[in-house]
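# Provided below for reference: sequence and predicted model.
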Amino acid sequence: MSTNVRTPLMAANWKMHLSVAEAVSFIAKLHEIVGTPQDREVLIAPPFTHLWPLREAMTAAGFSLSAQNCHWERQGAFTGEVSLTMIQETGCRYVIVGHSERRHIFGESDAWIGLKTAAALVHGVVPIVCIGEKIEEREAGLTEEVLRRQLTAGVEGVSLQDPNRLVIAYEPVWAIGTGKTATPQQAQEAHAFVRQWLAKRFDKAVANGVRILYGGSVKPDNVDDLMAQPDIDGALVGGASLQVTSFARIVQFTRSVKNG
Ligand code: 13P
């Protein structure tokens, strides 16, 4: 499938790491190393408390800010939750939805993830919808079934004309934080499956435009091979995004052979 229309999205998911002071100096240093790339998008998803303090530096650097989670209601008695109105107010263009840690540690259901995706789209915040199978599901040959179920719950109900309004992140649970990366071939197969699903649910133009990120032990030494796959449009990086030189190298991936 043609990939030329999709701007690579290189995303740092900081999870519950780094102080505000560390984050400010990270962004300054990252900008010093990578500048403001024109041919790829740089995204950082820090903890909620860092969104406001980082807003100006992120805008000045030309990087995109993302929240790591959201609630789907505008406001209400939801102690500890943050709404999309609040997230949007901080200058976030993106929000991560349904990360595997939300699903598996905090018990988020497929249905909640669908509500969050729909609410993000209503608020004009681009949802990065995370999907991915567990190791026992892969070994049982259920990968596509799991991805289909998660896509159906997360994305089926939304209406989408502009492919830039949605990002999907394929993050096999067994590759997150384990040092075990999916092989470029395994990742490509899953990404191609997701793109076919998008073509069936929406249309070919939408499917060709939606960016599908790979996440799970992305490192400076495997990013180039992953990004060489025709349906891998970026990376969602955890551990290796916490060191500025390592994330800068990931941002500066080189795509040697790209079919299509
Ligand atoms: P690691 O890069 O640490 O495996 O984490 C991946 C991830 O969960 C990104 O969202």
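Sure, I can see it.
# For stretch 8-24, C-alpha coordinates in CSV please.
Extracted as CSV, the C-alpha positions of stretch 8-24 are listed here (Å, rounded to 0.1, in the frame of the first residue of the first chain):
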residue,chain,number,x,y,z
PRO,A,8,5.6,9.7,10.1
LEU,A,9,4.6,10.3,13.7
MET,A,10,7.3,9.6,16.3
ALA,A,11,5.7,9.6,19.7
ALA,A,12,7.1,9.5,23.2
ASN,A,13,4.8,8.0,25.9
TRP,A,14,6.5,9.0,29.1
LYS,A,15,4.0,7.1,31.3
MET,A,16,4.5,8.1,34.9
HIS,A,17,8.1,9.3,34.5
LEU,A,18,10.1,12.6,34.7
SER,A,19,9.6,15.7,36.8
VAL,A,20,8.5,19.0,35.2
ALA,A,21,12.0,20.3,35.4
GLU,A,22,13.4,17.2,33.7
ALA,A,23,10.7,17.5,31.0
VAL,A,24,11.5,21.1,30.3
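# For that stretch, buried residues please.
In terms of neighbour count (16 or more other Cβ atoms under 10 Å), stretch 8-24 has its buried residues at 8-15, 18, 23-24. The C-beta positions use only the backbone N, C-alpha and C, and glycine is treated the same way.
# Identify the residues contacting residue 96.
13, 45, 66-69, 127-128, 130, 169, 236 (Cβ atoms under 8 Å, 6 or more residues apart in numbering).
# and these, which are buried?
Buried residues within the contacts of residue 96, defined by neighbour count using 16+ other Cβ under 10 Å: 13, 45, 66-69, 127-128, 130, 169, 236.
# So which of those is the closest to residue 112?
Checking these against residue 112 by Cβ to Cβ gives residue 69 as the nearest, at 10.5 Å.
# where does the residue lying closest to the closest one once chain neighbours are set aside land in three-state SS?
Nearest residue to residue 69 in three dimensions, chain neighbours excluded: residue 102, at 6.1 Å (Cβ to Cβ, 6 or more residues apart in numbering). Using DSSP: H, G, I helix; E, B strand; the rest coil as the criterion, the local structure at residue 102 reads helix.
# cool, and residue 119?
Assigned with three-state DSSP, residue 119 falls in the helix class.
# In strands, which of the buried residues of stretch 8-24 appear?
In strands, judged by DSSP state E, the following of those are found: 9-13.
# For the ligand, tell me which of those show up nearby.
residue 13 (Cβ under 6 Å from any ligand atom).
# Show me what residue of the chain gets nearest to the ligand.
Sorted by distance to the ligand under Cβ to the nearest ligand atom, the residues of the chain start with residue 238, at 2.4 Å.
# Need the pLDDT of the nearest residue to that residue once chain neighbours are set aside.
Nearest residue to residue 238 in three dimensions, chain neighbours excluded: residue 13, at 5.3 Å (Cβ to Cβ, 6+ apart). Confidence per residue is given as pLDDT, and for residue 13 that number is 98.
# ok, now residue 249?
Per-residue confidence (pLDDT) for residue 249: 98.
# that older thread, turn the ones in strands among the buried residues of stretch 8-24 into CSV, including distance to residue 122.
Listed next are those as CSV, based on distance: Cβ to Cβ, whole Å:
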residue, distance to residue 122
9, 22
10, 27
11, 22
12, 26
13, 23
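# Tell me where the stretch 101-250 of the chain has helices.
The residue ranges that make up the helices of the stretch 101-250 of the chain, judged by DSSP state H, counting those that start in this stretch, are 110-122, 135-139, 143-155, 184-201, 204-209, 223-227, 244-251.
# Surely residue 157 is in contact with residue 114?
Yes. With contact defined as Cβ atoms under 8 Å, residue 157 counts as touching residue 114 (6.0 Å).
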